[in-house]
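Novice: mind looking at a prediction? Sequence and model below.
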Amino acid sequence: MTYAFDPEVAAVIPMLPDLDIRDPQAAREQLRTALAEQIAGVDTTGVTVREELVPGPEGAPDVRVRIYTPERIAAPAAIFDVHGGGFIVGDLDTVHPNNVRVARDLGVVVVSVDYRLAPEAPYPAGLEDCYAALVWTAKNAAELGVDPNRIAIHGVSAGGGLCAALALLARDRGGPAIAFQYLGVPELDDRLGTPSMRAFVDTPIWNRPKAEISWDCYLGPGVRGGADVPVYAAPARATDLADLPPAYISAMQFDCLRDEGIAYAQALLAAGVATELHLFPGTFHGSMMVEYAAVTKRETAEEIAVLARALDVELL
């Protein structure tokens, strides 16, 4: 199928990593290799980075978090970041460059969580790890220099889906206060029935065949699309979205996840949740890796602006 990609992002498609997630272990190693040079070259000037093991879910191992503390603190706020990777790949390093940038540009603490991955640890392991780390962040807000009422959750792709689930879980468990949910191109719906999911079977980085593998790994074989999938696994299934934090959702024009993100934004709005939705034209899932493209620059600038507004941070 031919797509009207933005010319700047289209030119880079042949050079982008195409992970074969049918072999999760190999895909993880491939991603580490592809990102190694970029991660090694990250300039952390102005940001202190440290790691800590925090209590995990009951009966589960501790959870590793990476904490980014900027030298210039603009506000006693924090961003709790959840990496993407289709629930299968990704780790703290995957989002390291962006977390350094966000901490420095916003002047707030960033806490990034290294949750267990599927299929070795299927739902709800990864989500419960994220929830445990969020609880730790809120409980230790004073030590982090953070107001516990000014914590935003932030995730892209599967990370966005996990953040949507975190918001539901925190609401229903009476857990930590979440000031805002930033859901970048979120993976939300195991039913795979939207027009974009049916149409985009060969798009770069992410497409329907990969989404099928992703959900089968996360939920277990034969579970996706069934009647018993919990809303905390697939937030698109939730029918009660009232009293959730304000949200921002991004969508890419040629992304199989496009329509489920749009539908979730509409559902949040219908439930009375203040929600902003931005669809970026000519883009595909992961096109934000093309950093020099004008559309990517708009997207990254908007990320900072949206988070600053949500956390009441005055940008320099």
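Specialist: Structure's in. What do you need? Because the structure is predicted, anything quoted here is derived from the model rather than measured. Numbering: from 1, shown residues only.
Novice: just the CA trace of the longest strand along the chain, in CSV.
Specialist: Among the elements of the chain assigned as strand by DSSP state E, the one spanning the most residues is strand 275-284. C-alpha atoms of strand 275-284 as CSV (Å, rounded to 0.1, in the frame of the first residue of the first chain):
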residue,chain,number,x,y,z
THR,A,275,-8.9,16.1,26.8
GLU,A,276,-6.7,17.4,24.1
LEU,A,277,-6.2,15.4,20.9
HIS,A,278,-3.7,16.1,18.2
LEU,A,279,-3.3,14.1,15.0
PHE,A,280,0.0,14.8,13.1
PRO,A,281,-0.4,14.5,9.3
GLY,A,282,2.0,12.5,7.1
THR,A,283,3.3,10.6,10.1
PHE,A,284,3.6,6.9,11.1
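Novice: chain center to it: distance?
Specialist: 15 Å (Cα atoms, centre = their mean, to the nearest Å).
Novice: could you do stretch 290-308 as well?
Specialist: In this view, stretch 290-308 has its centroid 15 Å away from the chain centroid, taken as Cα atoms, centre = their mean.
Novice: same check on stretch 282-301?
Specialist: Computed by Cα atoms, centre = their mean, the chain-centroid distance of stretch 282-301 equals 16 Å.
Novice: just the buried positions in that stretch, please.
Specialist: Judged by neighbour count using 16 or more other Cβ atoms under 10 Å, the buried positions of stretch 282-301 are 282-290, 293, 295-296, 299. (C-beta placed from N, C-alpha, C; glycine too.)
Novice: next up, the contacts around Leu166.
Specialist: Applying Cβ atoms under 8 Å, 6 or more residues apart in numbering, we find Leu166 in contact with 82, 127, 130-131, 134, 153, 178, 181.
Novice: try it again at 6 Å.
Specialist: Listed by Cβ atoms under 6 Å, 6 or more residues apart in numbering, the contact partners of Leu166 are 130, 153.
Novice: my reading is that it lies in a helix. Confirm?
Specialist: Yes. The assignment for Leu166, made by DSSP: H, G, I helix; E, B strand; the rest coil, places it in a helix.
Novice: and the strands in the stretch 101-250 of the chain?
Specialist: Taking DSSP state E, counting those that start in this stretch to define them, one finds strands in the stretch 101-250 of the chain at 109-114, 151-156, 180-184, 247-254.
Novice: out of those strands, indicate the one that is most buried.
Specialist: For these, the stretch with the most neighbours on average is strand 151-156, a mean of 27; neighbours defined as mean count of other Cβ atoms under 10 Å.
Novice: hey, C-alpha coordinates of that strand in CSV?
Specialist: These are the backbone C-alpha positions of strand 151-156, laid out as CSV (Å, rounded to 0.1, in the frame of the first residue of the first chain):
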residue,chain,number,x,y,z
ILE,A,151,2.5,14.2,39.3
ALA,A,152,1.8,13.6,35.6
ILE,A,153,2.0,10.2,34.0
HIS,A,154,3.6,10.0,30.6
GLY,A,155,3.9,7.2,28.1
VAL,A,156,4.2,6.5,24.4
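Novice: what helices or strands is it leaning on?
Specialist: When contacts are defined as 3 or more Cβ pairs under 6 Å, 6 or more residues apart in numbering; DSSP states H and E, strand 151-156 sits against strand 78-82, helix 158-173, strand 180-184.
Novice: ok, residues contacting the longest strand of the chain?
Specialist: For strand 275-284, contacts defined as Cβ under 6 Å, 6+ apart pick out 5-6, 203-204, 247-255, 265, 268-269, 295, 299.
Novice: out of the helices and strands packed on strand 151-156, nearest to Ala141?
Specialist: Taking Cβ to Cβ as the measure, these were each checked against Ala141, and strand 78-82 came out nearest at 7.4 Å.
Novice: now do that closest one, average pLDDT.
Specialist: Across strand 78-82, pLDDT averages out at 99.
Novice: give the pairing partners of the helix or strand harbouring Tyr68; include direction for each.
Specialist: Counting by DSSP states H and E, the element that carries Tyr68 is strand 63-70. According to DSSP bridges, strand 63-70 has the following sheet partners: strand 47-54 (antiparallel), strand 109-114 (antiparallel).
Novice: need the ones you listed in a markdown table (columns: distance to Glu276).
Specialist: Output for the strands paired with strand 63-70, formatted as a markdown table (distance: least, Cβ to Cβ, whole Å):
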| stretch | distance to Glu276 |
| --- | --- |
| strand 47-54 | 27 |
| strand 109-114 | 21 |
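Novice: mind putting these in JSON lines, distance to Gly220 and mean pLDDT included?
Specialist: Converted to JSON lines, the strands paired with strand 63-70 look like this (distance: least, Cβ to Cβ, whole Å; pLDDT from 0 to 100):
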{"stretch": "strand 47-54", "distance to Gly220": "27", "mean pLDDT": "98"}
{"stretch": "strand 109-114", "distance to Gly220": "22", "mean pLDDT": "98"}
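Novice: sweet, I'm off.
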